[in-house]
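Peer 1: Any chance you can model this:
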Amino acid sequence: MVHPINEPPLNPVPPVVMALCIVIVGVEAVFSLGSYGVIGGPAAVGWRLDALERFAFFAPVLDWMLQTGRYPASELVRFFSYPFVHGSFIHAAFAGVMLLAMGKMVAEALGAVRLLAIFFASSLTGALAYGLLATSQAPLIGAFPPVYGLIGGFTYLLWLRLGMLGESQMRAFGLIGMLLGIQLLFGLLFGGSQDWIADIAGFVTGFALSVVMVPGGWGRLLGKLRR
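Peer 2: Below you'll find the predicted structure:
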């Protein structure tokens, strides 16, 4: 038996999840410190705006690429860079906390490579869905679409576990239902953005990829649907 004094005070987080979180929080720390004049001098005040212009995802950029058939690397990078640019410290902090929570569980179950695949695939599909469906001209920023992808992965893992325990598998969708309900409430009260389009696309991508990645996952899902 392990003596309590030898147990770590915090549950260890997989390195890949910690690395993603450090990048997100680190970038935000630089912007925040720069905006308060702690680092970078007077020019640092514009760092966040410059990053938004260069790395945020804009729907008109996707329209331009589809219309012209041109896909320069400087624009394609936006599909994967926008999760690392946030509008404020609070925005980045919430994304980082959810990334640590969801990423830990997904990484421990599926491994680092599969977690990265879900993260960046959800980033891509979230941007595509936002660019094709959203009517807003506001840029898409923040890590929530890929975090929702991890929520999708977690949901499928929980769905499998509840099935093995003989419990109601609909309970697995409780978390995503609660989060979308909160987004709807905030939208009604404060006039929310259309980022939810990217979030839902990220969730669906994470869930679908997990079905393929979990050994026997596709067969279990088909078997469940045939009953």
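
Peer 1: For this structure, which element, helix or strand, carries the lowest mean pLDDT?
Peer 2: Sorting the helices and strands of the chain by mean pLDDT, DSSP states H and E puts helix 217-226 at the bottom, at a mean of 57.

Peer 1: for residue 102, what are its contacts?
Peer 2: Shown in contact with residue 102 (CB atoms under 8 Å, 6 or more residues apart in numbering): 147, 150, 151, 153, 154. In this view, the C-beta of every residue, glycine as well, is placed from N, C-alpha and C.

Peer 1: In helices, which of the residues you listed fall?
Peer 2: 147, 150, 151, 153, 154 (DSSP state H).

Peer 1: Export those to TSV and append columns for neighbour count, distance to residue 202 and pLDDT.
Peer 2: What follows is the ones in helices among the contacts of residue 102, written out as TSV (neighbours: other CB atoms under 10 Å; distance: CB to CB, whole Å; pLDDT from 0 to 100):
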residue	neighbour count	distance to residue 202	pLDDT
147	32	7	96
150	29	8	96
151	25	8	95
153	33	10	94
154	24	12	93
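
Peer 1: Looking at the contacts of residue 102, which is nearest residue 120?
Peer 2: Taking CB to CB as the measure, residue 120 sits nearest to residue 150 out of those, at 11.4 Å.

Peer 1: Please name the residues that touch that closest one.
Peer 2: Under the contact definition (CB under 8 Å, 6+ apart), the residues listed for residue 150 are 99, 102, 103, 106, 115, 118, 119, 122, 206.

Peer 1: Run a quick neighbour tally on the fourth one.
Peer 2: It stands for residue 106. By the other CB atoms under 10 Å criterion, the neighbourhood of residue 106 contains 28 residues.

Peer 1: what helix or strand does it sit in?
Peer 2: Counting by DSSP states H and E, the element that carries residue 106 is helix 89-110.

Peer 1: list the buried ones in that helix?
Peer 2: 91-92, 94-96, 98-107, 109-110 (16 or more other CB atoms under 10 Å).
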